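*Asks:* Take this sequence and fold it.
(one chain, ligands or ions: 1)
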Amino acid sequence: MAFENILVETFDAVGLIRLNRPQALNALNAALLGELNAALEQFDADERIGAIVITGSEKAFAAGADIKEMQALDFVGAYRSDFLGEWEKITRARKPVIAAVAGYALGGGCELAMMCDFIIAAKTAKFGQPEITLGIMPGMGGTQRLARFIGKAKAMDLCLTGRMMDADEAERSGLVARVVPSEDLLDEALRAAARIASFSRPVVMMAKETVNRAYETTLGEGLRFERRLFHSMFALEDQKEGMSAFVEKRTPAFKNR
Ligand SMILES: CC(C)=CC(=O)SCCNC(=O)CCNC(=O)[C@H](O)C(C)(C)COP(=O)(O)OP(=O)(O)OC[C@H]1O[C@@H](n2cnc3c(N)ncnc32)[C@H](O)[C@@H]1OP(=O)(O)O
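*Replies:* Numbers count the residues shown, from 1 in each chain. I've put the predicted structure just below:
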């Protein structure tokens, strides 16, 4: 499939998607969304791929939903088309997705990064929900995910003032897993993805599913879910291989089953 708004590459077991609308600071329009979903589906279905990285440019991961595309929208059009609803598909990828963020991650850009499983940020990264300055509020999950990830105080601050948060504040707040020098961003993200891809695929997928469950259920239900999936891992050849390799002091050769 040919893409116009993203660039897609593979590095061994890692799929890399670069948002590529430099003229609009990677503003997220419908065409880009369709391509991003298609690329993610392809990587998710590809047996050779174990993890996925989404990145932007040095200046912008993404400066938000495309304001020029949204400008003329009316209520009925937004409601009937469930405008922005398709973005949730990104969270359905079953393989881990890392956001490698440099520059602006604003509005929908910040929300897209939060839909990924974790964020690695360059020193230059700036996160924010400036929708309030446009006469709207976040609509791709910002109010809900920020409140869960960084707490009410910071979520309110960002959504109500529209201010930007730099990479260090984002890391202190728990939004970002690691901050690295800009020149190391992609290598660091690809290395993390390659490490994940080297582990047992079903175990990685179950670990992702289980951590995500923490955001959707009670602690009791989450703990039961974790324990049941944990028990199921003893049916995997990869559990036998991983533990034998430890005892025999060698590197495990996982077979993803
Ligand atoms: C998901 C939901 C519900 C909502 C949203 O996401 S709303 C969008 C939220 N984002 C913003 O409000 C940020 C808008 N952008 C900016 O404030 C600035 O572009 C900046 C601070 C990120 C960077 O400023 P800078 O002066 O360095 O660059 P610009 O000249 O302003 O931008 C270059 C080029 O990109 C176009 N651009 C930037 N952001 C968007 C956007 N979100 N949608 C559409 N186009 C965007 C900008 O217009 C300019 O293009 P032109 O020179 O052709 O006008």
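
*Asks:* Pull up the per-residue confidence for residue 2.
*Replies:* Note on residue 2: pLDDT of 85.

*Asks:* And residue 129, by the same measure?
*Replies:* 98.

*Asks:* same thing with residue 208?
*Replies:* Residue-level pLDDT assigned to residue 208 equals 98.

*Asks:* shouldn't it be in contact with residue 116?
*Replies:* No. Counting by CB atoms under 8 Å, residue 208 does not reach residue 116; the two are 10.9 Å apart. Every residue, glycine included, has its C-beta placed from N, CA and C.

*Asks:* Close to the ligand: what parts of the chain are there?
*Replies:* By CB under 6 Å from any ligand atom, the residues of the chain that approach the ligand are 24-25, 27, 63-68, 104, 106-108, 111, 130-131, 134, 138-140.

*Asks:* Buried members of the residues you listed into ChimeraX, please.
*Replies:* A single ChimeraX command selects the buried members of these (16 or more other CB atoms under 10 Å):
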select :24,25,27,63,64,65,66,104,106,107,108,111,130,131,138,139,140
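
*Asks:* gap between stretch 32-50 and the chain center?
*Replies:* With CA atoms, centre = their mean, to the nearest Å as the basis, stretch 32-50 stands 13 Å off its chain's centre.

*Asks:* Let me know the average pLDDT across it.
*Replies:* 97.

*Asks:* quick one: buried residues of that stretch?
*Replies:* Applying 16+ other CB under 10 Å to stretch 32-50 flags 32, 33, 35, 36, 37, 39, 40, 43, 44, 49, 50 as buried.

*Asks:* And for stretch 243-257?
*Replies:* Per 16+ other CB under 10 Å, stretch 243-257 contains these buried residues: 252, 254.

*Asks:* try stretch 135-152
*Replies:* 138, 139, 140, 141, 142, 143, 145, 146, 149, 150.

*Asks:* and if you look at stretch 81-99?
*Replies:* Those buried within stretch 81-99 under the rule 16+ other CB under 10 Å are 83, 84, 87, 90, 93, 95, 96, 97, 98, 99.

*Asks:* how close does residue 197 get to the ligand?
*Replies:* 30 Å (CB to the nearest ligand atom, to the nearest Å).

*Asks:* quick revisit: quick one: which of the buried residues of stretch 135-152 sit in strands?
*Replies:* Secondary structure defined by DSSP state E assigns none of these to strands.

*Asks:* Nearest to the ligand among those?
*Replies:* Closest approach to the ligand among the buried residues of stretch 135-152 (CB to the nearest ligand atom): residue 139, at 3.3 Å.
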